[in-house]
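1. Structure, please.
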Amino acid sequence: MNLLENVKKLFGFTPAQPAHATEPEPAAPVPTVEPTPAVPKVAPSGPPPASKRREQLLRFIVGKLRAYQNEPDNAPIGIRLCIVCADPEEEELHRVALWATQPGKFQQELNRLLSDNYITLLPNWRFDYAFFADALPPDCTYREETIGLVVLDKSRPDGPPLLARVVALVGQTEQPAYVLDPAQKTTFCIGRGHMTQTTSGRVRTNDIVFLNDDDAGFDALTGKGNGAVSRAHASIRYDVAQKRYALLVDPGGLPGSGNKTKLMHPDDTIERADIGGMNYPLQDGDQIELGGEVTLLFELIN
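-> As a prediction, the model looks like this:
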């Protein structure tokens, strides 16, 4: 140590200590992200769309042909299935459902189901189908939303179903006249009010409606006999095989319910309709009396 350094030390002068370098803070640990396990795709349940659609088509046809159960003499000579398709994809779905690439297979399956339901068509009966872009053709015997069925009959292979009209002669109905079109439906319910619940719990919707006294538009004079009409009084049914209409008396129109129903034919004969489930054939000009108070006129439309 030299003399100068000794003097500095003696008088307390010490060299400045070098600043200590600040050590960097340790970096925060990076959290470990566990990989999200891949969720397996759930396979759609139920049958494929084409298979489901095939079942719907078969069920529709069998249901509409029940009128031919045990009616071999009136069996159709063929049927045509009409389908409205909104786009090419929907048409392709129906082609797959109809086994378009396997001619005859859909008809064979349909024939098996018809036999299981005691519906026998004529030998060598014809089946075909057609697609429509906008609406079903007017000659469909039956229709349900976008599906229609043309039934080819022996006597009238291309004839449309018969139209009829029902008009209230006595009593007040919601409409002045009702047109019965079997292309839309084959059973037309008659009763007081729009809807009622049957004893089985099923909700019944009336097609030919007698007004209640608290309904809008009810006229006390015109509708004074409406109270004699049951909420589930009778039905008019169209028989596709026979191409005729018939009256059926529902529980509310039977004597056991305190009501009565009868037919007054154009030849002045009167027929009591008091057996539930029985068909009473209707002819042009028949008058249907309900509850002894109101009367409907049944007419065929040429």
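2. can you pull out the helices in the stretch 101-250 of the chain?
-> Remark: helices assigned in the stretch 101-250 of the chain by DSSP state H, counting those that start in this stretch are 105-116.
3. In it, where is pLDDT below threshold?
-> Residue ranges of the stretch 101-250 of the chain with pLDDT under 70: 153-160, 199-200, 241.
4. ok, 80 please
-> Residues of the stretch 101-250 of the chain meeting the criterion pLDDT under 80: 123, 139, 153-161, 197-202, 240-242.
5. Would you mind measuring from the residue nearest to residue 195 when sequence neighbours are not counted to residue 196?
-> Nearest non-adjacent residue to residue 195, counting by CB to CB, 6 or more residues apart in numbering: residue 205, 5.4 Å away. Bear in mind the C-beta positions are built from the backbone N, C-alpha and C, glycine included. Using CB to CB, to the nearest Å, we find residue 205 at a distance of 9 Å from residue 196.
6. more neighbours, the two?
-> Counted by other CB atoms under 10 Å, residue 205 and residue 196 do not tie: residue 196 has more neighbours, with 17 against 11.
7. okay, now the closest residue to that one other than its chain neighbours: neighbour count?
-> Computed as CB to CB, 6+ apart, the closest residue to residue 196 that is not its neighbour in sequence is residue 231, at 3.8 Å. Neighbours of residue 231 under the rule other CB under 10 Å: 19.
8. In contact with residue 231, which residues are there?
-> Residues in contact with residue 231 (CB atoms under 8 Å, 6 or more residues apart in numbering) are 191-193, 196, 204, 206, 252.
9. If we use 10 Å, what do you get?
-> 189, 191-198, 204, 206, 210, 212, 250, 252 (CB atoms under 10 Å, 6 or more residues apart in numbering).
10. Also residue 261?
-> So residue 261 contacts 190, 229-230, 233-234, 247-250, 252-255, 271-274, 280, 288-292 (CB under 10 Å, 6+ apart).
11. same check, this time on residue 82
-> Residue 82 is in contact with 128-132, 135-137, 139-140, 142-143, 146-150, counting by CB under 10 Å, 6+ apart.
12. What is the distance between the longest helix belonging to the chain and the centre of its chain?
-> The single longest helix within the chain, with elements called by DSSP state H, is helix 49-64. Relative to the centre of its chain, helix 49-64 is centred 13 Å away, using CA atoms, centre = their mean, to the nearest Å.
13. Ok, stretch 164-174 next?
-> In terms of CA atoms, centre = their mean, the gap separating the centre of stretch 164-174 from the centre of its chain is 27 Å.
14. before we move on, the earlier item: for residue 205 and residue 196, list the residues in contact with both.
-> What both residue 205 and residue 196 touch, as defined by CB under 10 Å, 6+ apart, is the set residue 189.
15. now the strands for the stretch 1-150 of the chain?
-> 78-84, 126-132, 142-144, 147-152 (DSSP state E, counting those that start in this stretch).
16. Residue 301: which of these is closest?
-> Among the strands of the stretch 1-150 of the chain, strand 142-144 comes nearest to residue 301, with 18.4 Å by CB to CB.
17. Please consider this matter closed, and thank you.
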